[in-house]
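> no sequence on this one, just coordinates:
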């Protein structure tokens, strides 16, 4: 039942972003605003339409959050843990989404993070702050990996290229 709003929002976001002119224009504006405006995209109209669509998506998110949580009034920085628990899957999802659709990457990352938290709870690591320490170490490792992903890819490509050249030298021609 809770997955119904998620599927509706995911379909709405993917449809808006990839299958409408306004969604494609929004992606152009987010990529390079000055160039997009110079080629004739009306920025104010696009921003208004994008804000309306994002407001609908946030409304669905509030519906899901409100149905799953007890909402108490908060003060000072007591809600910062809630923010960080929801922003981390976005960073991971954007990295995953660079190979496909970013919205699907965020959903996969959110499910993965919840599985990590559930697994740590099942191992009995949920109390005493150990779960936050392990979670923080995982995030540090992920950020380090994602920041150096381009360099890691270059090193792997060089190693593969060197290996294939070396293998070709040792292989006799059979003609």
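Looks like it came in fine. As the structure is a computational prediction, the values presented were derived from the model and not from experiment.

> can we go C-alpha only for contacts and neighbour counts from here?
Fine.

> show me what contacts residue 104?
Counting by CA atoms under 8 Å, 6 or more residues apart in numbering, residue 104 touches 10, 93, 97.

> can we see that at 7 Å?
Residue 104 makes contact with residue 97, according to CA atoms under 7 Å, 6 or more residues apart in numbering.

> Report the separation between it and residue 54.
Applying CA to CA, to the nearest Å, the value for residue 104 to residue 54 is 16 Å.

> now do residue 122
For residue 122, the distance to residue 54 (CA to CA) stands at 36 Å.

> Between these two, which is the more surrounded one?
residue 54 (15 against 10; other CA atoms under 10 Å).

> got a list of what that one touches?
Under the criterion of CA under 7 Å, 6+ apart, the contact list for residue 54 is empty.

> Tell me how far it lies from residue 105.
Where residue 105 is concerned, residue 54 sits at a distance of 18 Å (CA to CA).

> ok, now residue 14?
Distance check for residue 14 against residue 105: by CA to CA, it reads 12 Å.

> These two - which one has more neighbours?
Comparing residue 14 with residue 105 by other CA under 10 Å, the one with more neighbours is residue 105, at 22 against 16.

> what residues are up against that one?
Contacts of residue 105 were listed using CA under 7 Å, 6+ apart, and they are 93, 94, 96, 97.

> what's the nearest residue to the last one if we skip its chain neighbours?
In other words, residue 97. Nearest non-adjacent residue to residue 97, counting by CA to CA, 6 or more residues apart in numbering: residue 105, 4.4 Å away.

> and residue 121, how many neighbours?
The burial count assigned to residue 121 is 13, neighbours taken as other CA under 10 Å.

> That one - nearest residue in space that isn't next to it in sequence?
Leaving aside its sequence neighbours, residue 121 sits nearest to residue 131 (CA to CA, 6+ apart; 7.9 Å).
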